[in-house]
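1. Please find the sequence and the predicted model below.
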Amino acid sequence: MPGQFIADRIRDIQQSEIRNMTRECARLEAINLGQGLGDLPTPPLVADGAIQAIRDRHSTYSFPEGSTRLRNAIAAKLKRDNGIDADPEGQIVVTVGSTGAFALACMALLNPGDGILLPEPYYGYHLNQAKLAGLRPQFLPLAPPSFALVERELRAAITPETRALMLCTPSNPSGKLITREELEMVDRVAREHDLLVITDEIYEYIVYDGRKHISPATVGSLGERTVSIMGFSKTFSITGWRMGYAVAPREIAHAMNMANDLFYVCAATPLQHGVANGLEAPPEFYRDLAADYQRKRDTICAALNDAGLTPIVPQGAYYVLADVSHLGFETSKQAAMALLEETRVASIPGSAFYQSAAGEGLLRFCFAKSDEELGEAARRIRTFRAATASH
Ligand code: GLN
């Protein structure tokens, strides 16, 4: 292998266990509760919008920041659902997935060597993207089951290098919703240390038990220093379309859009039409979405409980962390592989979300599955305890 041609910035980055488990899952023809594929049907409104746009030959570049129609629709949605006032001309950038938006934030707003603080458990792509951009990842361990953000701990995690704080709410993988009190505390601390705040709110509509998602940018003065990242993948079950967006103060959005233009020119134009259509969905659409996922959450949590894999019941998003520490596996990868091999259900080892050893006792299960497939997975999970006990 001509290793001399591999750049330092990517040399030490390991491919995510999320990817690896999908490969293992395919090999064993198992049910994939690992990667958050979100393979539920796409609403016809969204699919038809994109198909029609292709037929109508909306096939050339949009503005780098996205089509005017889509940005106007996003601005209306931000006002209606998030309480964010954003000028569609200058504060919104349509991106290649929310992953693309985070890449732009790292490249356009931070310098190599800058510290970025990630609450732990974190989404591995935030960590690896930060590394790829030459940033210095820093960690703020949050304790289960509440995963609370504690002022004293946040202050202790901040060093002179820290320039940015990542907030993923609802969280992948923990399902935690950051509370208003926590955000008020973050506002104080971020102001004091002049930190950039980058959010990931991709699961904003997937919230349970009547809880409400709060966009960090709406709390105190956080709007002045926050890049809010959102997207359509989870809401419309179009994870493969790669459609996301960022909202930020004008100068920040401008810098991100420069990077967006240079990397991608623009997000796929016909798909922008599809999601613009989707934003016309009535409020019931969002209520049904949350209710459907809550039912699925309850299905998987019941099965995990029955199998003795105690779930940390999520408040939002479509993942659940389950405690497997008592099963006696040395690593969470071993636990995930044993579950996969014995029951043909794939999960993600907790170590994918932790720097520390705390992840070794956890598995993450994704429940964005059809009721049939999830029901079958639940049935198989229930058999797991017996299987391991007999070893
Ligand atoms: N966000 C999804 C997950 O956490 C998909 C990740 C991915 O494929 N990069 O599983």
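-> That came in fine, so what should we check first? Numbers count the residues shown, from 1 in each chain.
2. which residues sit in contact with Asp114?
-> By C-beta atoms under 8 Å, 6 or more residues apart in numbering, the contact set of Asp114 is Leu135, Arg136, Glu161, Arg163, Ala164. Quick note: C-beta positions are derived from backbone N, CA and C, even for glycine.
3. Now which of the residues you listed would you call buried?
-> Neighbour counting over these (16 or more other C-beta atoms under 10 Å) leaves Leu135, Arg136, Arg163, Ala164 as the buried ones.
4. out of the residues you listed, which are inside helices?
-> Using DSSP state H, no member of the buried ones among the contacts of Asp114 falls in helices.
5. Dump these to CSV, plus pLDDT and distance to the ligand.
-> Shown next, in CSV, are those (pLDDT from 0 to 100; distance: C-beta to the nearest ligand atom, whole Å):
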residue, pLDDT, distance to the ligand
Leu135, 97, 19
Arg136, 97, 22
Arg163, 98, 25
Ala164, 98, 20
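6. do you know how far the residue in the stretch 251-391 of the chain that the ligand sits nearest to is from Tyr319?
-> Closest approach between the stretch 251-391 of the chain and the ligand, counting by C-beta to the nearest ligand atom: Cys366, at 6.1 Å. Cys366 sits 5 Å away from Tyr319, going by C-beta to C-beta, to the nearest Å.
7. got any residues that touch both of the two?
-> Both Cys366 and Tyr319 are contacted by Gly36, under the criterion C-beta under 8 Å, 6+ apart.
8. quick one, phi psi at the residue of the stretch 251-391 of the chain closest to the ligand?
-> With angles defined as degrees, to the nearest 10, Cys366 sits at phi -100, psi 130.
9. isn't it right up against Leu37?
-> Yes: contact criterion C-beta atoms under 8 Å: Cys366 and Leu37 qualify, at 7.3 Å.
10. and after the biggest helix by length in the chain, which helix or strand comes next?
-> Longest helix in the chain, counting residues (DSSP H): helix 283-306. Sequence order places strand 311-312 as the next helix or strand after helix 283-306, per DSSP states H and E.
11. So which elements touch that following strand?
-> Secondary-structure packing of strand 311-312 (3 or more C-beta pairs under 8 Å, 6 or more residues apart in numbering; DSSP states H and E): helix 283-306, strand 319-323.
12. And the contacts of the longest one?
-> Which is helix 283-306. 33, 43, 81, 205-209, 235, 310-311, 313-314, 318, 320, 322, 365, 367-369, 371, 374-375, 377-379, 381-382.
13. Buried among those residues? Make that a PyMOL selection.
-> The following PyMOL line selects those of the contacts of helix 283-306 that are buried, judged by 16+ other C-beta under 10 Å:
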select buried, resi 33+43+81+205+206+207+208+235+310+311+313+314+318+320+322+365+367+368+369+374+377+378+381+382
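14. hmm, back to that, what about Cys366 and Leu37, which has more around it?
-> Neighbours were counted for Cys366 and for Leu37 using other C-beta atoms under 10 Å; Cys366 has more, 26 against 16.
15. Lovely, talk soon.
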